[in-house]
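A.B. asks: Can you look at this prediction? I've put the sequence above it.
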Amino acid sequence: MAKYNDEFKLEIVKEYLDGLLGYKLLARKHDIPDQSTIQNWVKAYRAFGSEGIMRKFSKKVYPVQFKLDVLHFKKQTGASYRDTAIEFKMNNPSLIANWQRIFLEEGVEGLKPKQKGRPSMAKRRDIKPAEQGKKMSREEELERENELLRLEVAYLKKLKAFQENPNAFLEKHKQQWHSNSKKRDSN
């Protein structure tokens, strides 16, 4: 939430422009800790009118070349962030400071727009043996079928043992699991 609402800012700027009080006295009168805040509001108002001090609710996306031009201008002229923002008809000087920090840390790549949000889920594609690129020989197919049948028989034996006596089955497998975990922990 903004510290000062738009109506309050406009009131302070108009009071300054009427010429009755200066920055320092206005800051003291309205309990604003720093007079530079009022100075920035007045500069923005003079450059852009009442739109200059209004809060923006939509984010504008700037192209990379524009960001580089702004940073180049600031470096060449030695202008402040506020003056650079006014020169390029921007209302947010801190945005330029962010661009400069990112440019110094990451270079031009950091100024490129980043994709927002969660990435979309990849579509899962079932790969069939024929699509794998190599055709299995008859012998390999039979070996694969044998292995699947062995797994099925082992599964059915365990299922039958569990159905006949669930407690004994669980106790047996619990002991095996504990003994296996102890072996791993000792390594």
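C.D. replies: Yep, it's here.

A.B. asks: which helix of the protein spans the most residues?
C.D. replies: helix 138-164 (DSSP state H).

A.B. asks: I'd like to know which elements it is packed against.
C.D. replies: Contact here means 3 or more CB pairs under 8 Å, 6 or more residues apart in numbering; DSSP states H and E; on that basis helix 138-164 packs against helix 166-186. For every residue, glycine as well, the C-beta is placed using N, CA and C.

A.B. asks: pLDDT (mean, whole number) over the helix it packs on?
C.D. replies: Per-region confidence: helix 166-186 scores 61 on mean pLDDT.

A.B. asks: Which helix or strand in this protein has the lowest average pLDDT?
C.D. replies: helix 166-186 (a mean of 61; mean pLDDT, DSSP states H and E).

A.B. asks: distance from the centroid: which residue in this structure tops it?
C.D. replies: Distance from the C-alpha centroid of the chain peaks at Glu164, with 54.3 Å (CA atoms, centre = their mean).

A.B. asks: gap between that residue and Leu151?
C.D. replies: Distance from Glu164 to Leu151, counting by CB to CB, to the nearest Å: 21 Å.

A.B. asks: Likewise for Leu68?
C.D. replies: 61 Å.

A.B. asks: Give me the more crowded residue out of those two.
C.D. replies: The neighbour comparison of Leu68 against Leu151 (other CB atoms under 10 Å) goes to Leu68, with 14 against 10.

A.B. asks: That concludes my questions; thank you for your assistance.
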